[in-house]
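Engineer: what shape does this take:
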Amino acid sequence: MKNLKYIYLTLILPLIVSCEDFIDIAPQDQIAASSFFKTATDIENYVKKYYPAFPTHGSATQPYSESASDNMILAVPNAVLNGNRAPRTGQWTNEWSNIRSINILFDNLGNVTDELNLYKHFLGEAHFFKAWFYFDMLSTYGDLPWYSSEINIGDEELFKARDPRTLVADSILLNLDKAIEYLDLRSTAGNSRLNKEVALAFKTRVALFEGTWQKYHAGTEFATSGSNPDKYFQIAVDASEELINGGYTKGLYNTGNPDTDYYDLFGQDNMSGFDEVLLYRIASTGDQLGHELQFYTTRRTRQMSLTWSLVTSYLGNDGNPYDYLGLASTAKGNDFLTQIAADCDPRLKATVWIPGDLRVASSNEFFDKPFIDQGAENLNATGFQVKKFSNPNSSAAGTDFGGNSQTGRIIFRYGEVLLNYAEALYELNGTVATTELNMLRTRVGMPDFSVIPQASYGTNLVDYGYSVSDALYAIRNERRVELALEGNRVDDYRRWAAHKLFQGKRPLGYPYDATEFPDYTPPMDANGLIDYYQTALPNGFGFREDQDYLTSIPEDEITLNPNLDQNPNW
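Structural biologist: The predicted structure is shown next:
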């Protein structure tokens, strides 16, 4: 982050290498933990080093991450979706390093001489980061050993078995409770630093994930012993209502322009004044912290290609399902894109480039047609090209590779909290949070949220592999549309146990118009939609539902610690 300096401690392990007395003398360039943790400033400097672990835009990594879901494809089928990942080799030492480092801080708090009120915010940050790192591992590996203190070479705890998933999830939530207790409000801390509002938002995310994982994986190889989904739905609801109803800095970015407000939210450099942005990562080319987001959304594509499944989840602008396939029988290529932009939810044209869109203001460049006939980093295989996160007025729009973009990277926003609340509340007691869902609809000028019979979706209806109520289907659909390409879809299908969304299916593109690409003919299905993986995936994605919901524990760890069980079928 800008203007932050990071202190990294090299901590001495009691390694016995010689009986000579001088071996026990600490090197002059290292600081023992007991000598460092004395003041509030020490705690602050120590915790700041974890901020770089938050995700960046990098090479458009936020939209790119959804290539591991049914929202996006690249040139080559995703290995997870296609069920052809190999078991992990090596160790997972690096994944535990931050957790161990935070435990060192907790172990040495007794050495701090300053009053708690001088460093409680930094302590809150430490609790948040411990929850952040552990949740990432929980969602990746499932149940894990939970460590509350520093572990050193030779400690018996290194060889403990995995703790129950419920213990790990509950411990994460307890750390978030501590974070909420200690952190400053956003009005004091700002939104480029952790605050109470962010901790509450993260609590809704964790609790919703755990509740739905336990509910929808029940009876499978990923079932949770002692599961109690409603417990976590209640936690998610309570945390959401605290943030929604409490005196916190939050809201939706809404200037009263429904055609552009949603789009404008994601392409700004400075997001400090946006109540909706609870936490974002600052990018600065002056501090060599620029990235490639605008390069890959206004000039190239990094192969990112949105799917027919995502696009057809957007309702018509009258609030009803839209007949995309019917339109595709008469309108092709640019005509199809132009028509759906006019007829559908404005969030669609904020997410997909439409012919005539201003692409680069400085050179007065407009979007002509998708790059379906191009290759390498210019490829757009489906005709639906990523527009979300772009900003034609950015100084980086249209520039070449070189880290020129300074667009802020949203880590948490209030819009997600409203959706977490709506889903958790319905899962808990069947109540539809129409007030909160309508806030999202109103921002983009859409009719109020309503429960639509699933039969009305026609060919747009997606298959979760099990029945859901009409209301839950509509809530999940609203979530997909509002949070498209923000990195949530992968966790969503995993916690819903929803492999049937893509298993045995091929992702499709838009209706191809040969007159627009006279020198290129893509593979197409019977309806004239681009079928880019027709040869690569003759039988559709091969996701292994008894295996691919979790990542394998690295093989060396299983060998080193025989008390660790491997994940199912790895």
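Engineer: near P453, how many other residues are there?
Structural biologist: 10 (other Cβ atoms under 10 Å). C-beta here means a position set from N, CA and C on the backbone, and glycine is covered the same way.
Engineer: hmm, I typed the wrong one, I wanted E156.
Structural biologist: Quick note: E156 (other Cβ under 10 Å) scores 7 neighbours.
Engineer: show me which positions of the helix or strand bottoming out on mean pLDDT in the chain end up buried.
Structural biologist: Ranking every helix and strand in the chain by mean pLDDT, DSSP states H and E puts helix 33-36 at the bottom, with a mean of 78. Within helix 33-36, the residues scored as buried using 16 or more other Cβ atoms under 10 Å are A33, F36.
Engineer: which is the next helix or strand following it?
Structural biologist: Proceeding N to C from helix 33-36, the next assigned helix or strand is helix 40-48, under DSSP states H and E.
Engineer: show me what contacts the most centrally placed residue in the chain?
Structural biologist: Residue closest to the average C-alpha location in the chain (Cα atoms, centre = their mean): G487, at 3.1 Å. Each residue near G487 by Cβ atoms under 8 Å, 6 or more residues apart in numbering is listed here: P55, Q62, S65, E66.
Engineer: low-confidence stretches in this protein?
Structural biologist: Within the chain, the segments meeting pLDDT under 70 span 1-32.
Engineer: nearest residue to N393 other than its sequence neighbours?
Structural biologist: A361 (4.8 Å; Cβ to Cβ, 6 or more residues apart in numbering).
Engineer: just to revisit the earlier point, and the least confident helix or strand of the chain, C-alpha only, in PDB?
Structural biologist: Extracted C-alpha coordinates of helix 33-36, given in PDB (Å, rounded to 0.1, in the frame of the first residue of the first chain):
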ATOM      1  CA  ALA A  33      10.700 -11.400  19.400                       C
ATOM      2  CA  SER A  34      10.900 -10.700  23.200                       C
ATOM      3  CA  SER A  35      12.900  -7.500  22.500                       C
ATOM      4  CA  PHE A  36      10.700  -6.200  19.700                       C
END
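Engineer: check the offset of that helix from the chain's centre.
Structural biologist: 36 Å (Cα atoms, centre = their mean, to the nearest Å).
Engineer: returning to that earlier point: so which of the contacts of G487 are in helices?
Structural biologist: Of the contacts of G487, the ones assigned to helices by DSSP state H are Q62.
Engineer: which among the contacts of G487 gets closest to Y182?
Structural biologist: P55 (23.7 Å; Cβ to Cβ).
Engineer: tally of neighbours for that closest one?
Structural biologist: 13.
Engineer: so how far is A283 from it?
Structural biologist: Distance of P55 to A283, given as Cβ to Cβ, to the nearest Å: 12 Å.
Engineer: joint contacts of these two?
Structural biologist: Common neighbours of P55 and A283 (Cβ under 8 Å, 6+ apart) are R409.
Engineer: next up, phi/psi of L529, please.
Structural biologist: phi -90, psi 140 (degrees, to the nearest 10).
Engineer: any idea what it is bridged to?
Structural biologist: Beta-bridge pairing for L529 (DSSP bridges): P511.
Engineer: got a list of what it touches?
Structural biologist: W308, A328, L508, G509, Y510, P511, Y512.
Engineer: report the contact partners of G509.
Structural biologist: If you count contacts by Cβ under 8 Å, 6+ apart, G509 has them with 305, 307-308, 372, 381-384, 522, 529-532.
Engineer: nearest to T140 among the contacts of G487?
Structural biologist: S65 (13.6 Å).
Engineer: cool, thanks, signing off.
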